[in-house]
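1. everything below, folded, please.
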Amino acid sequence: MLAVERLEGGYGTGRVLQGVTFTAPRGAVTAIVGRNGMGKTTTLRAVMGMLPAVTGAVAVGGRAILGLPVHEVARAGVAYVPEGRQIFPKLTVAENLQVGQRVPSRLWPQDRIFALMPNLRERLGNDGRTLSGGEQQMLAIARALVTDPAVLLLDEPSQGLAPLIVQQLAGIVRRLREVDVAVVLVEQNLGLARAVADQMLVMVKGEVVYAASAERFREEEASVRAQWLTP
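-> Okay, here's the model as predicted:
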């Protein structure tokens, strides 16, 4: 489980996060939604140790990780798929996956990766830059999975993807529940978030102002949209 408590911080002297608190259980998808500029991506970067000055507490399975360097956060079981994918464009699919592995993956060997994302098997020898946007996103997720994470942070994975590819992405995210990963999904695509989430969080100005199960969110969606998600 990922536990985030009273997280505050930002960039330089600008404080973006204003006391972010939530938990993300393993075997579930926690979706964070909100308008642009509300601190969603900053929250993921803070959890991953990518912000220099953050206060509060972050723990994975009870182990405190706030303040650790990024590589130590990764070793503690957190994997981050950033907005824009950031695969290595001149490396092949196989090489991108090898870069992600610290040791041969126990939970996510290549056969399991390819069962989840069969297109990648067909593209093993292709450079990353030759893949479609959807294939690049799958590769970015696969590269994170081969680190055997306990927590997977996904930042805007549907950005720029066609609706059919977004549906495939939704299926992949749902199946991650089966391997007991705590998935934290930041999304502007409310339809995708609603389709895959077990719990929904809404952020406004660096705070979580709403948290509910996906079922309750569906019941209250109209009022939540009107209050916090409509520009």
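
2. alpha carbons only for contacts and neighbour counts from here, please
-> Fine.

3. which of the three states applies to Leu68?
-> At Leu68 the chain is in coil, as set by DSSP: H, G, I helix; E, B strand; the rest coil.

4. so His71, which state does it fall into?
-> Applying three-state DSSP: His71 is helix.

5. give me the pLDDT for the residue nearest the centre of the chain.
-> The structure's the chain has its C-alpha centroid closest to Leu154; by CA atoms, centre = their mean the separation is 1.7 Å. You'll see Leu154 listed with a pLDDT of 97.

6. where do the strands sit along the protein?
-> With DSSP state E, the ranges of strands along the chain come out as 2-11, 14-24, 28-33, 54-60, 63-64, 78-81, 151-155, 182-186, 199-204, 207-213.

7. neighbouring strands - and their directions - for the fourth one?
-> Using DSSP bridges, the neighbouring strands of strand 54-60 in the sheet come out as strand 2-11 (antiparallel), strand 63-64 (antiparallel).

8. deepest in the core, which of those strands is it.
-> Among the strands paired with strand 54-60, ranked by average contacts under mean count of other CA atoms under 10 Å, first place goes to strand 2-11 (a mean of 20).

9. and the angle from it to strand 151-155?
-> 40 degrees (axes from the mean of the first three to the mean of the last three CA atoms, to 10 degrees).

10. if we can go back for a sec, pull up the gap between the residue nearest to the centre of the chain and Pro82, please.
-> Using CA to CA, to the nearest Å, one gets 7 Å for the distance from Leu154 to Pro82.

11. okay, and the beta partners of the residue nearest to the centre of the chain?
-> Val81, Leu185.

12. separation between it and Val70?
-> Applying CA to CA, the value for Leu154 to Val70 is 16 Å.

13. right, and the strands paired with strand 54-60 - which one's nearest Met203?
-> Shortest distance between Met203 and those, using CA to CA, is found for strand 2-11: 12.9 Å.

14. so in terms of bridging, what pairs with Ala24?
-> Leu2.

15. report the contact partners of the residue nearest to the centre of the chain.
-> Tyr80, Val81, Pro82, Glu83, Val183, Val184, Leu185, Val186 (CA atoms under 8 Å, 6 or more residues apart in numbering).
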